[in-house]
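Visitor: here is the input, now give the coordinates:
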Amino acid sequence: MRIYLDNAATTPLLPEVVETMTHVLTHTYGNPSSLHAEGRNARATIEEARKTVANAIGASIGEIFFTSGGTESNNMALKCSVRDLGVKRIISSPIEHHCVLHSLECIQKTMGVEVKLLPVNEHGRLDLNVLQEWLADSDEKTLVSLMHSNNEIGTMIDIDAIADICQAHNAFFHTDTVQTVGYFPIDVSHEKISFLSGSAHKFHGPKGIGFIYINNENIVKPFVDGGSQERNMRGGTENIVGIAGLAKALQYSIDHMEDHKNQISELKAYFKEKLSTEFSDIQFMGDDQGLSHYKVLNVSFPPSPKAALLLLSLDIAGISASGGSACSSGAEAGSHVLAALNVAPDRKNIRFSFSHLNTKAEIDQVIDKLRPIIAKELVS
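Guide: Reported below is the predicted structural model:
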């Protein structure tokens with residue numbers, strides 16, 4: 001049996017989600033834009049799911065729009081804010097997901113918008129004093145775009161504090177919550193957030209479906225033109241089965257949030273203790289002493305002649321982990337996140353990420369598999 005420890009990349013579908021999606025595939029085949037009974041049934045399924053998402057984050061149903069996932073949602077927030085809200089400057093960080101950083105590159109080149117990246121320390125922590133200084137030194141309309149939890153090292157921002165800073169300086173605030181929706185309480189009714197992104201496959205839902213929250217004070221035009229779907233905000237026939245699966249997975253995650261947090265946190269602490277006890281010169285990236293995601297553990301192993309093969313050796317041993325962002329796993333270049341943290345390039349970093357489906361017995365097996373791999377690395 002393989003051991004899956006790459007839940008920050010994607011999570012397994014829950015049986016309850018598969019059951020819901022199977023029922024929708026079988027029985028809800030109408031086009032939700034049609035006026036007949038089958039169409040109305042499909043429309044009702046979508047709107048019930050929209051209500052579930054809205055309730056989960058404290059939004060109104062009119063502020064939730066379904067997309068193809070976090071990448072589309074982030075692109076929509078960034079590019080529509082420039083096109084439709086008059087944003088002339090975007091403040092972000094060098095450790096954002098590539099769907100944000102690459103979008104910013106495109107916006108800078110094609111729309112002439114100024115992009116500024118906040119400095120981060122060795123733990124991935126932002127300097128909020130710099131954010132305040134940058135917002136205070138210009139009257140240009142600004143969007144601040146910062147991810148709630150970094151996908152590679154788990155370091156989290158204080159959403160409340162940043163929302164307050166943005167509000168004080170009349171700036172828009174977009175946050176990529178792809179890694180945190182379903183894992184941490186989020187309430188946009190109390191936090192001044194302009195845009196928020198989510199993706200189902202990070203919380204045991206299907207791939208290819210996500211959502212964006214757009215505060216009803218921000219009037220933007222469609223990012224994808226076409227029909228009048230999603231209240232004229234996103235053309236294209238809705239992915240009904242994906243939307244239903246997203247809602248089911250999100251509701252399950254919300255209902256079990258505290259239990260899952262306790263279970264996964266205990267598992268992560270156990271793994272850290274075992275690694276520190278069994279192996280020498282082990283380092284942990286991120287900021288576990290501060291605000292950090294309990295499901296992500298980025299482990300830095302000491303240099304060795306074959307360090308580059310460590311991830312492959314784990315895979316051969318039946319352990320699925322990651323060298324960084326899954327979206328960039330095929331690239332030869334190292335992690336842009338670790339580069340921003342000035343991590344020594346001769347060390348090998350592996351991201352282990354957990355779910356409530358993992359067990360301590362699996363962690364013990366991983367340690368057993370690592371012993372000969374690490375020993376071989378050191379003597380090679």
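
Visitor: what about R43, how many residues nearby?
Guide: For R43, the number of neighbouring residues by other Cβ atoms under 10 Å comes to 19. All C-beta spots, glycine's among them, are computed from the backbone N, C-alpha and C.

Visitor: what secondary structure does it sit in?
Guide: helix (DSSP: H, G, I helix; E, B strand; the rest coil).

Visitor: ok, and what's touching stretch 32-47?
Guide: Contact with stretch 32-47 is made by 24, 27-31, 61, 66, 227-229, 237-238, 240, 243-244, as judged by Cβ atoms under 8 Å, 6 or more residues apart in numbering.

Visitor: taking these one by one, which sit in helices?
Guide: When these are checked against helices (DSSP state H), the matches are V24, H27, Q229, I240, I243, A244.

Visitor: what sits against the second one?
Guide: H27 makes contact with N41, according to Cβ under 8 Å, 6+ apart.

Visitor: which of the contacts of stretch 32-47 has the largest number of neighbours?
Guide: I243 (29 neighbours).

Visitor: show me where this structure has its helices.
Guide: Assigned by DSSP H, the chain shows helices spanning 15-27, 37-57, 70-85, 98-111, 128-136, 159-168, 229-232, 240-255, 257-278, 310-316, 336-340, 360-379.

Visitor: what's next to the shortest one, contact-wise?
Guide: I take that to be helix 229-232. Contacts of helix 229-232 (Cβ under 8 Å, 6+ apart): P32, S33, G62, F65, F66, P222, G235, G236, T237, E238.

Visitor: what do you get for the longest one?
Guide: Here helix 257-278 makes contact (Cβ under 8 Å, 6+ apart) with 182-185, 253, 282, 284, 288, 294-295, 297, 299, 352, 354-356, 358-360, 363-364, 366-367, 370-371.

Visitor: redo that, cut-off 6 Å
Guide: Applying Cβ atoms under 6 Å, 6 or more residues apart in numbering, the set of residues contacting helix 257-278 from outside is I282, Y294, K295, L297, F354, H356, N358, K360, I363, I367.

Visitor: repeat for the fifth one
Guide: Residues outside helix 128-136 that contact it (Cβ under 6 Å, 6+ apart) are I91, L118, I165, H169, A171.

Visitor: recalculate using a threshold of 10 Å.
Guide: With contacts defined as Cβ atoms under 10 Å, 6 or more residues apart in numbering, helix 128-136 is touched by 89, 91, 93, 116, 118-119, 127, 142, 144, 146, 157-158, 161-162, 165-166, 168-171.

Visitor: great, nothing more from me.
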